[in-house]
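Enquirer: got a predicted model here, sequence first, then my questions.
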Amino acid sequence: MRVTVLGAGVAGLACAVELAERGAAVELLERASGLEAAGCSWYAGGMLAPWCELESSEPLIARLGAEGMEWWQRRFPSTAINGTLVIAHGRDTAELRQFGRRTSQFETLATSAIGLLEPELADRFSTALYFPDEGHLDPRAALAALLARARELGVGVRFGVEGDSRPLAGRELLDCTGLAARRVHADLRGVRGEMLLLKAPEVALSRPVRVLHPRMPVYVVPRGEGVYMVGASMLESDGERRISARSLLELLAAAYALHPAFGEAELLETGTGVRAAFTDNLPRIRRVGGVLYVNGLYRHGFLLAPALARRAAQALLEGRHFAEVMDEDPRQRRLA
Ligand SMILES: Cc1cc2nc3c(=O)[nH]c(=O)nc-3n(C[C@H](O)[C@H](O)[C@H](O)COP(=O)(O)OP(=O)(O)OC[C@H]3O[C@@H](n4cnc5c(N)ncnc54)[C@H](O)[C@@H]3O)c2cc1C
């Protein structure tokens, strides 16, 4: 089977790799000139956190996400599975209890156990939730690795080519164009996320740390060599404008409150990505007019891409139907 995939974000790259591994002849078209100029995926935190996400997501997200961990480890061996630490400052401990009530697969840690995992946080927090089976990756390196893998499998990749979603004779078309697919899906919206990259060689954290806060929960994800991603806002907006002063202040304040050495950090980059989400914040694989669409990955794109790519490939190559992501009726999706 010949397949054209549109969009080289994490969804399009994962689908191209999965299809090519299953023997399809794949071409991948991306309208931007390179990965760094492309979509939302470039700005992600890279957390693979199915059980933490239960705090604000449906169980389907955890189920699909848990399926993806091994996929990432096989295709991107630098994926670290060393857990997530969730903490709250003294005045926000009610948030931590609430987080624990909504999630699963964690251990509650006291100061000494926090110190064994992250020595630099030992005396700063009296309690934490630890999700040992979660992971993280550097999204930019992971996208590059998927691109290299796709090329190795013979996928013809063309940057700077804007595909259109008219069905092509003799080819299947798989549209992974994120928010741009709004032209077809009226129920797709943008949720802007702002982030920073800090260089703080004095800080030594080895796993994502989520700092709970009633207004803006913040996370810090280590990228190696003293670099940390700090994210992220969730704004109901599709504006591409740069980070606001308020978000910048809040992200920096949260990082500084987590570890004072972030006060000396070098601000390497600020960035904004717009997440594509359906009204129920659940992903869809949808067929419209002969084209298969994979979209609505919202705040879970890296987490969900493997499970969605697997299902999209099986839908195209074997005609399979996956009710949990292909049925529009939410009851069908829940029963699936
Ligand atoms: C600040 C922030 C932090 C995040 N952190 C995490 C996280 O820790 N973990 C996680 O799992 N997820 C995270 N996410 C969510 C994740 O980034 C998204 O869910 C994911 O990137 C969506 O991927 P996508 O491939 O669907 O879309 P995109 O990455 O937007 O890719 C769509 C691509 O299609 C291209 N395109 C558009 N139209 C066309 C066309 N006509 N022809 C060809 N190409 C086209 C675009 O240029 C773009 O490259 C985060 C998001 C943000 C903004």
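Expert: Structure's in. What do you need?

Enquirer: for the rest of this, base every contact and every neighbour count on C-alpha atoms.
Expert: Will do.

Enquirer: what are the ranges of the strands in the stretch 201-336 of the chain?
Expert: 209-212, 218-224, 227-231, 266-278, 284-288, 291-295 (DSSP state E, counting those that start in this stretch).

Enquirer: and the average pLDDT for stretch 274-292 is what?
Expert: The average pLDDT within stretch 274-292 is 95.

Enquirer: any chance of the strands of the stretch 201-336 of the chain in JSON lines, plus distance to Leu60?
Expert: Listed next are these as JSON lines, based on distance: least, CA to CA, whole Å:
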{"stretch": "strand 209-212", "distance to Leu60": "22"}
{"stretch": "strand 218-224", "distance to Leu60": "23"}
{"stretch": "strand 227-231", "distance to Leu60": "24"}
{"stretch": "strand 266-278", "distance to Leu60": "15"}
{"stretch": "strand 284-288", "distance to Leu60": "12"}
{"stretch": "strand 291-295", "distance to Leu60": "15"}
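
Enquirer: between the ones you listed, which gets nearest to Leu174?
Expert: Nearest to Leu174 among the strands of the stretch 201-336 of the chain is strand 291-295; the distance by CA to CA comes to 4.9 Å.

Enquirer: buried stuff in that closest one?
Expert: Leu292, Tyr293, Val294, Asn295 (16 or more other CA atoms under 10 Å).

Enquirer: pretty sure the second one contacts Leu179?
Expert: No. Contact between Tyr293 and Leu179 fails when scored by CA atoms under 8 Å: they sit 11.6 Å apart.

Enquirer: and Ala277, how far from Cys40?
Expert: Separation of Ala277 from Cys40 (CA to CA, to the nearest Å): 12 Å.

Enquirer: so what's Pro201 closest to, chain neighbours aside?
Expert: The shortest distance from Pro201 to any non-neighbouring residue, by CA to CA, 6 or more residues apart in numbering, is to Gly226 (4.2 Å).

Enquirer: now the closest residue to Thr79 other than its chain neighbours: how far from Ala11?
Expert: Distances taken as CA to CA, 6+ apart place Leu137 nearest to Thr79, at 4.8 Å, with adjacent residues excluded. Distance of Leu137 to Ala11, computed by CA to CA: 16 Å.

Enquirer: now swap in Ser41 and tell me
Expert: Distance from Ser41 to Ala11, counting by CA to CA: 9 Å.

Enquirer: repeat that for Ala180.
Expert: 13 Å.

Enquirer: strands of the stretch 51-200 of the chain, start to end?
Expert: Remark: strands assigned in the stretch 51-200 of the chain by DSSP E, counting those that start in this stretch are 84-88, 107-110, 127-131, 135-136, 156-159, 172-175, 188-199.

Enquirer: out of those, nearest to the ligand?
Expert: In terms of CA to the nearest ligand atom, the element of the strands of the stretch 51-200 of the chain nearest to the ligand is strand 188-199, at 4.1 Å.

Enquirer: elements contacting the closest one?
Expert: Packing partners of strand 188-199 (3 or more CA pairs under 8 Å, 6 or more residues apart in numbering; DSSP states H and E): strand 227-231, helix 245-258, strand 266-278.

Enquirer: and it with the ligand, contact?
Expert: Yes. On the criterion CA under 6 Å from any ligand atom, strand 188-199 is in touch with the ligand at Gly193, Glu194, Met195.

Enquirer: tell me the buried residues in that strand?
Expert: Leu188, Arg189, Gly190, Val191, Arg192, Gly193, Glu194, Met195, Leu196, Leu197, Leu198, Lys199.

Enquirer: between it and strand 227-231, how many degrees?
Expert: Interaxial angle of strand 188-199 relative to strand 227-231 (axes from the mean of the first three to the mean of the last three CA atoms, to 10 degrees): 150 degrees.

Enquirer: and strand 188-199, what's its mean pLDDT?
Expert: Rounded mean pLDDT across strand 188-199 is 97.

Enquirer: next, the angle from it to strand 266-278.
Expert: Orientation of strand 188-199 against strand 266-278 (the same axes, to 10 degrees) gives an angle of 160 degrees.

Enquirer: now strand 188-199, how far from the chain's geometric center?
Expert: On the basis of CA atoms, centre = their mean, to the nearest Å, strand 188-199 sits 11 Å off its chain's mean C-alpha point.

Enquirer: what does the pLDDT read for Arg215?
Expert: pLDDT, Arg215: 77.

Enquirer: what sits against it?
Expert: Residues counted as contacts of Arg215 (CA atoms under 8 Å, 6 or more residues apart in numbering): none.

Enquirer: shouldn't Ser112 be in contact with Arg124?
Expert: No. Ser112 is beyond contact range of Arg124, at 10.9 Å (criterion: CA under 8 Å).

Enquirer: thinking again about what came up before, most tightly packed of the helices and strands packed on strand 188-199?
Expert: Most buried of those by mean neighbour count (mean count of other CA atoms under 10 Å) is strand 227-231; its value is a mean of 26.

Enquirer: each with direction, which strands does it pair with?
Expert: The strands that strand 227-231 pairs with in its sheet are strand 188-199 (antiparallel), strand 218-224 (antiparallel) (by DSSP bridges).

Enquirer: could you list the buried residues of the shortest one?
Expert: What it means is strand 218-224. Neighbour count says strand 218-224 has Val218, Tyr219, Val220, Val221, Pro222, Arg223 buried, by 16+ other CA under 10 Å.
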